[in-house]
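[1] Okay, predicted coordinates and the sequence, questions at the end:
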Protein chains: 2
Amino acid sequence: MKEGPDIAQVATLIGDPARANMLTALMSGKALTVSELAQEAGVTIQTASSHLSKLDSGGLLRPRKQGRHKYFSLASDDVAHVLEGLMGLAAGAGHLRKRTGPKDAELRKARVCYNHLAGDMGTQMFDSLIAQGHLVLEGPDLALTQSGLAFVSDFEIDAAALQQARAPLCRECLDWSARRSHLAGSLGRAFLTRFEDLTWAKRDQKTRIVSFSDSGAAAFHRLFPTAST
Amino acid sequence: MKEGPDIAQVATLIGDPARANMLTALMSGKALTVSELAQEAGVTIQTASSHLSKLDSGGLLRPRKQGRHKYFSLASDDVAHVLEGLMGLAAGAGHLRKRTGPKDAELRKARVCYNHLAGDMGTQMFDSLIAQGHLVLEGPDLALTQSGLAFVSDFEIDAAALQQARAPLCRECLDWSARRSHLAGSLGRAFLTRFEDLTWAKRDQKTRIVSFSDSGAAAFHRLFPTAST
DNA sequence: TGGATGCTTCGACTAGGGTCGAAGTATGAA
DNA sequence: TTCATACTTCGACCCTAGTCGAAGCATCCA
């Protein structure tokens, strides 16, 4: 009767408000401790501990012990991907947000999606890389072209080193706000880190908003021009 | 505190076993009645009715009344996309299926994913279309090239008519089994329909398995060759 | 009009799971 | 060793939400 894997179990895990808050908090890409996640979710530490062990055994999280602290992060990009998808459904359908605060616009413009850049600026970067021929869809995956490799190393990102790692270099990730792809994977991560190093942008840990400075935004648009710009 | 849309509500909807079964059943792409979905989920009609109204108001379903029947189908490709993603998480992580029957292999080979072809053969078709230059990643979306247009009309699919419709023509969809993209969107749908018309393949409504005949599979591989084949 | 079918609504029952207090374990610092 | 911090486990409470029987609409057929 049942075919395919059991959706319900995973969905139930995400379905609890406290757990959903924790997962959303982890979308920032930062690893957080039990206490921090408890506060994020608005529950006591005991409750949080129980939730986290469930999420962990459900395979959604990756725990790491460091001294007497226990850090949790999302298990993989796939998890982040599904969470973004759920956000898209929640945003689009039904109860489409009661509170449309000023934060919302900023979130749509640029935010962190599990360590890489999402939002309008994320999709712009992605589009521009494709348009410039630095990135191509090669079979199932995204691949960096020769020119892309040069482009990236010009930007002082060591793509060769990234390629050594087992994690995929390039990956697509679908925005819930823009409904378009942006760049994920280790390269996507490297770009965001580089933006921060160059002080083009900095991220707010609490809200996932990435705010670009004026000069940073200008440099960004120079680097990733679009047809319309 | 909370940023972005509310994941938990949507996830809770999917999280109930009965509802998850219904949604999984609808992944076949067929519209089903309340009674059929009740049977699929293993609950009474009253219970099913209650579940379906929740799924509906959650924006996951699209209801249509026809006489005294009420048909439900998934609201959009996005919903199917998220469901596939959840299947991927459920398959990969934690309790990775107790029952690995013979059906499983067939499901991985070729199955219906909300009206289009998924599984190994789905990704093969996608890869081949890309490799032959019929399909390209154009900015955020997939686009059919000139040669692709010719290819498609050779196959007696009226792409022009499909393009008139508001639904996107080409779209990517990520397999939970192969973890690779396959073709969704109205074109993906048209392909599968055409395979059925040509009696290359037929789909089992209960299990989502798509079974190709020997000659059908041969024709398929002729039409969508791969580098390895 | 009467009866059958398909679905919805109402009400009551029940179980599963989220919640926190209190006690227990592990790690680090003095 | 002793105390403090970070987390886990246990136990009990409570409440939401899934479940079905019974009754109520709506639609179709004869």
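    Sure, I can see it.
[2] Got phi/psi on the residue in chain A that DNA strand C sits nearest to?
    Relative to DNA strand C, the nearest point of chain A is residue A:67 (3.2 Å; CB to the nearest atom of the strand). All C-beta spots, glycine's among them, are computed from the backbone N, C-alpha and C. For residue A:67, the backbone dihedrals (degrees, to the nearest 10) come out as phi 60, psi -130.
[3] Near DNA strand C, which residues of chain A? Just list them.
    Taking CB under 7 Å from any atom of the strand as the criterion, chain A approaches DNA strand C at residues A:12, A:16-18, A:43-44, A:46-47, A:50-51, A:54, A:67-68.
[4] one more time with 10 Å
    A:9, A:12-13, A:15-19, A:21, A:38, A:41-51, A:54, A:65-70 (CB under 10 Å from any atom of the strand).
[5] pLDDT wise, what is the residue of chain A closest to DNA strand C at?
    We have a pLDDT of 73 for residue A:67.
[6] Could you tell me how many residues sit around it?
    5 (other CB atoms under 10 Å in any protein chain shown).
[7] Give me the distance between it and DNA strand D.
    8 Å (CB to the nearest atom of the strand, to the nearest Å).
[8] Leaving out chain neighbours, which residue sits closest to residue A:204?
    Closest residue in space to residue A:204, ignoring its immediate chain neighbours: residue A:211 at 6.9 Å, by CB to CB, 6 or more residues apart in numbering or on different chains.
[9] mind checking the SS state of that neighbour?
    Here residue A:211 is recorded as strand under DSSP: H, G, I helix; E, B strand; the rest coil.
[10] ok, it - contacts?
    A:106, A:110, A:201, A:202, A:203, A:204 (CB atoms under 8 Å, 6 or more residues apart in numbering or on different chains).
[11] Most neighbours among the residues you listed, which one is it?
    residue A:110 (25 neighbours).
[12] I figured that one hits residue A:209, correct?
    Yes. Checked against CB atoms under 8 Å, the pair residue A:110 and residue A:209 is within contact range at 7.1 Å.
[13] Do the longest helix along chain A and chain B come into contact?
    If you go by DSSP state H, chain A has its longest helix at helix A:77-92. Yes. Using CB under 8 Å from any CB of the partner chain, helix A:77-92 reaches chain B at A:78-79, A:81-83, A:85-92.
[14] average pLDDT across the host helix or strand of residue A:130?
    Taking DSSP states H and E as the definition, residue A:130 sits inside helix A:120-131. Helix A:120-131 shows an average pLDDT of 83 in the prediction.
[15] Just the helices from chain A, written as ranges.
    A:7-15, A:17-26, A:34-41, A:45-57, A:77-92, A:102-109, A:120-131, A:146-154, A:159-164, A:185-197, A:214-223.
[16] lowest-confidence stretch among those helices?
    helix A:102-109 (a mean of 70).
[17] Report the contact partners of residue A:200.
    Residue A:200 makes contact with A:212, A:213, A:215, A:216, A:217, A:219, A:220, according to CB under 8 Å, 6+ apart.
[18] Ok, residue A:109 next?
    Counting by CB under 8 Å, 6+ apart, residue A:109 has contacts A:119, A:120, A:121.
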